[in-house]
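1. below is the structure, and that's it, no one-letter string:
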């Protein structure tokens, strides 16, 4: 099931978006939030786009000196 | 490999979309010039690839209102042509280029549906893409 609606245009491919009325070149991110899962699946199956995951920020590290439960008396 | 027919094809020229049911066939041949580079002592001809060119021929049924002819007059300015060989729907291919009309013909016969044939010259590069919603 496709949950993410952000996609990247595959290398060597170009996508024409009827919604955006523009071309998306290889490597560009295209937002298909407006599209049905069936239409998105069809374009993915054609190899023109791949799912795109935005880089998640790194989790904040615990500051040194924090006592874990194991260290508690 | 999946074969397909042209039943869903569509053609757009500028702001004009050829009406549903009027488009019969589209041929978009692409050519590449060749330069002969054969010289003395060579028994087999040698060629170098050169520049590319393309034309587009549209066959259709003319409309009584004359809208198709009006959109494709020989004097019509160059505009963007878009061809969807399998229809304008998600995942299908699209071909586009700037083009201008070089010939238009619509012979009228007393006992036959009136056809129309339009020939266009492709000016510049052809852009290939995949349709997304």
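-> Yep, it's here. Here the structure is a predicted model, which is why all the values come from computation and not from measurement.
2. for residue B:108, which non-adjacent residue is closest in space?
-> Among residues not flanking residue B:108 along the chain, residue B:114 sits closest, at 5.1 Å (Cβ to Cβ, 6 or more residues apart in numbering or on different chains). The C-beta positions use only the backbone N, C-alpha and C, and glycine is treated the same way.
3. my read: that neighbour touches residue B:62, true?
-> Yes. Between residue B:114 and residue B:62 a contact is recorded at 4.4 Å, counting by Cβ atoms under 8 Å.
4. which residues do those two both contact?
-> Each of residue B:106 lies in contact with both residue B:114 and residue B:62 under the rule Cβ atoms under 8 Å, 6 or more residues apart in numbering or on different chains.
5. could you show me where the helices are in chain A, in order?
-> Here chain A has its helices, by DSSP state H, at A:37-45.
6. what about it, any weak spots by pLDDT?
-> A:1-4, A:55-73 (pLDDT under 70).
7. what does it put close to chain B?
-> Within chain A, the residues that sit near chain B (Cβ under 8 Å from any Cβ of the partner chain) are A:13-19, A:23-24, A:30, A:32, A:34-36, A:39-40, A:42-43, A:45-46, A:48-49.
8. and these, which are buried?
-> Among the residues of chain A next to chain B, those classed as buried by 16 or more other Cβ atoms under 10 Å in any protein chain shown are A:13-18, A:24, A:30, A:32, A:35, A:39-40, A:42-43, A:46, A:48-49.
9. quick one on the thing from earlier: for residue B:114 and residue B:62, indicate the residue with more neighbours.
-> residue B:62 (19 against 13; other Cβ atoms under 10 Å in any protein chain shown).
10. now do the strands in chain B.
-> Listed in chain order, the strands of chain B (DSSP state E) span B:10-13, B:16-17, B:23-27, B:30-36, B:47-61, B:79-84, B:93-105, B:115-132.
11. how far does the second one sit from the chain's center?
-> What it means is strand B:16-17. Counting by Cα atoms, centre = their mean, to the nearest Å, strand B:16-17 is centred 14 Å from the centre of its parent chain.
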